[in-house]
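[1] This is the structure alone, sequence omitted:
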């Protein structure tokens, strides 16, 4: 019992020091000791281990304040690589990501029209390819899965688009790659990614809405992902919006996804188009029927945003996914519905903006899951 | 630093032991040591303090298993009193509550038609009266406030029905009564109360919806109240349901409270009634217009329940407040909308039931807030 406490304290202190170095431009051992309350000896021991392993480097001397000048430390952001995988869109994409959330190498494979077995093989190939692309140590593999996940067991409970049910994907990847594997719902990892790499405000709370091939939300509360009881928190895509709406792939009728997902927008388009890019173009040249359809999708989504704000009282809302490509008009519709649709005191304090991470949000989110779990960086 | 760690460990162990005694019918020191991993000496010291202070009593001997028979322990549920106050309904009510959530004494004062100053005076009188009614030690006062609260500072940010704004109620009560004071939103304390005293299932998660004078929800996640950033989580009463609905007291139009609150039901009643009891009677004798109105209110509420389930993935939903008095038909409407209105996998695992605590839920919830904070009992 005592031993495990010592081990815990050691890891806690080690992560505390690493977070301080990571979140400072440059910092000295003395300053770390001052801010953390740890002894200088403890700090020096921890830092020595980081330097030995290459995770931290000495970058120069602080301006002398009379005494011996202090050596400054930085995390070497390219000393370790993270693999982030996005299975949420119409192709499987992944990247090698450095410790600052910068994409170093990227690789994609088509995933449409493949069966569920072949889909697993393509995930393997994608990861193999990425691992071949670097000689740096890869500390773990994170995967954003479009569906209901059990993150602790790594089992995909249901991913409709991929036709996966009760698939032990975590175990399969672990056996094949012998590295730490982290899986979570794609919207949940997106929220974590936006929080880790896209949030300069220092806020501990964030709702990330992703309206792409699927529609969902990820919730960060007090710096942690809010999963819900079965990791299904944020499954807003299958809330019924239109009582007599179209049949959804979940079996119900009129779900938000039948109105605001990429697929729905293409299918429901009042002009002949083949791709989402065609639709975007028709919108941006101002085709009134296309504009009306997109505005209706934004209205449908804002029904759920009202509830998100009122239920969670989280003040920072970010929008990602294809729906965000239509630009500010979508945001304005959501903002305006929020103003008249929830308690004024809640509406006043809520901000709705575009996600900073853009289309790489799932890849970066999956990478941030590794960063958080393996290095304790937040 | 070391000292405070020792103090923390001491309190942690002490609360661990008290929780074990509280949650067992009877338990021996030996059994506590076995389950907690603490030494017998530590357990004996902690138990001795509890016995000295009267919080724990020895109740007899366990059947001997060969050796010396072990003495059994119980929490003396009447050794301490909690004060729980409910400001949410049309009168102010409070009670002395024992450590098992049983109401020992109760007292109410009319609160309608009083101004905001007079409302504060009545809260004082209510608490004074309750304190006069017992000679037992009262370990704290909990208050459920209908409105937006800042629980850490004890400031009522806005309570529309009471016409309070930025009122430092926690400080006022603290100065007057010189005892620990805990305040929270009435729906949030209701959720905590239902979790503490009304949940036999061992679940760590619960959504409590209270549709009475106001409409709101309280969220318990992993055994803790989920407050949101400004303690406004669960403020569902002011979500717009009808775009062109009635003007709400919050200034917006068509809020859930304009349809499902007690006031709305009385005002909108299609028959001449004076009180909620009259309305209940008209419903139970089957007046078709009254039945239709109540069903419409349940439909409106179920719009929000769909979102609660999809956003939070919490599987246990309980209904309290006046709307619950209409009985099972209300539950059935919510259940049925849930079946077709959210992802089937989420709907299947969600249960909607009446709250067990009934109309005393805010009083008991406020008392549970004291129990949790002062004794660490959960």
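    Here it is on my side, so go on. These numbers were taken from a predicted model, which means no experiment stands behind them.
[2] Stretch A:218-231 near chain B at all?
    Yes - judged by CB under 8 Å from any CB of the partner chain, stretch A:218-231 comes into contact with chain B at A:219, A:221, A:226, A:227, A:228, A:229, A:230, A:231. (Each C-beta comes from the backbone N, C-alpha and C, glycine too.)
[3] what's the farthest-apart pair in the residues you listed?
    Pairwise distances across the residues of stretch A:218-231 next to chain B (CB to CB) peak at 17.3 Å, for the pair A:221 and A:230.
[4] So for residue A:326, what's the nearest residue that isn't a sequence neighbour?
    Leaving aside its sequence neighbours, residue A:326 sits nearest to residue A:294 (CB to CB, 6 or more residues apart in numbering or on different chains; 5.1 Å).
[5] burial measure for residue A:208, as a count.
    Close neighbours of residue A:208, defined as other CB atoms under 10 Å in any protein chain shown, add up to 30.
[6] And residue A:303, by the same measure?
    Count around residue A:303 with other CB under 10 Å applied: 20.
[7] ditto for residue A:173
    Neighbours around residue A:173, by other CB under 10 Å: 23.
[8] So what does the nearest residue to it once chain neighbours are set aside look like in phi/psi?
    Counting by CB to CB, 6+ apart, residue A:173 lies nearest to residue A:181, which is 4.6 Å off, once chain neighbours are set aside. As for residue A:181, its main-chain torsions (degrees, to the nearest 10) stand at phi -120, psi 130.
[9] Tell me how many other residues crowd residue A:181.
    The number of residues near residue A:181, taken as other CB under 10 Å, comes to 23.
[10] doesn't residue A:153 make contact with it?
    No - the pair residue A:181 and residue A:153 does not pass the contact test of CB atoms under 8 Å, sitting 11.4 Å apart.
[11] Find residues that contact each of those two.
    Contact criterion CB atoms under 8 Å, 6 or more residues apart in numbering or on different chains; residues shared by residue A:181 and residue A:153: residue A:170.
[12] Only the buried residues of stretch A:72-91, if you could.
    Going by neighbour count (16 or more other CB atoms under 10 Å in any protein chain shown), the buried part of stretch A:72-91 is A:72-76, A:79-89.
[13] ok, so of these, who is nearest chain B?
    Nearest to chain B among the buried residues of stretch A:72-91: residue A:88, at 16.4 Å, using CB to the nearest CB.
[14] would you say that closest one is within a strand?
    No - judged by DSSP: H, G, I helix; E, B strand; the rest coil, residue A:88 forms no part of a strand; its state is coil.
[15] residue contacts, it?
    Going by CB under 8 Å, 6+ apart, residue A:88 touches A:144, A:145, A:146, A:186, A:210, A:212, A:213, A:214, A:362.
[16] so which strand or helix has the fifth one?
    Element membership for residue A:210, per DSSP states H and E: strand A:206-211.
[17] That strand packs against which elements?
    Contacts defined by 3 or more CB pairs under 8 Å, 6 or more residues apart in numbering or on different chains; DSSP states H and E place strand A:206-211 against helix A:186-197, strand A:215-221, helix A:288-312, strand A:316-320, helix A:361-370.
[18] In terms of secondary structure, what does the last one contact?
    Yep, that's helix A:361-370 we're talking about. Applying 3+ CB pairs under 8 Å, 6+ apart, one finds that helix A:361-370 contacts strand A:81-86, strand A:91-97, strand A:103-110, strand A:138-145, strand A:181-185, helix A:186-197, strand A:206-211.
[19] Enumerate the residues of the stretch 101-250 of chain A near chain B.
    Counting by CB under 8 Å from any CB, the stretch 101-250 of chain A sits next to chain B at A:148, A:157-158, A:205, A:217, A:219, A:221, A:226-240, A:250.
[20] where's the closest residue to chain B within the stretch 251-378 of chain A relative to residue B:253, distance?
    Closest contact between the stretch 251-378 of chain A and chain B, by CB to the nearest CB, is at residue A:313 (2.7 Å). Residue A:313 is 22 Å from residue B:253, where distance means CB to CB, to the nearest Å.
[21] Between those two, which is the more surrounded one?
    Each of residue A:313 and residue B:253 has its neighbours counted (other CB under 10 Å); residue A:313 has more, 26 against 17.
[22] That'll do, ta.
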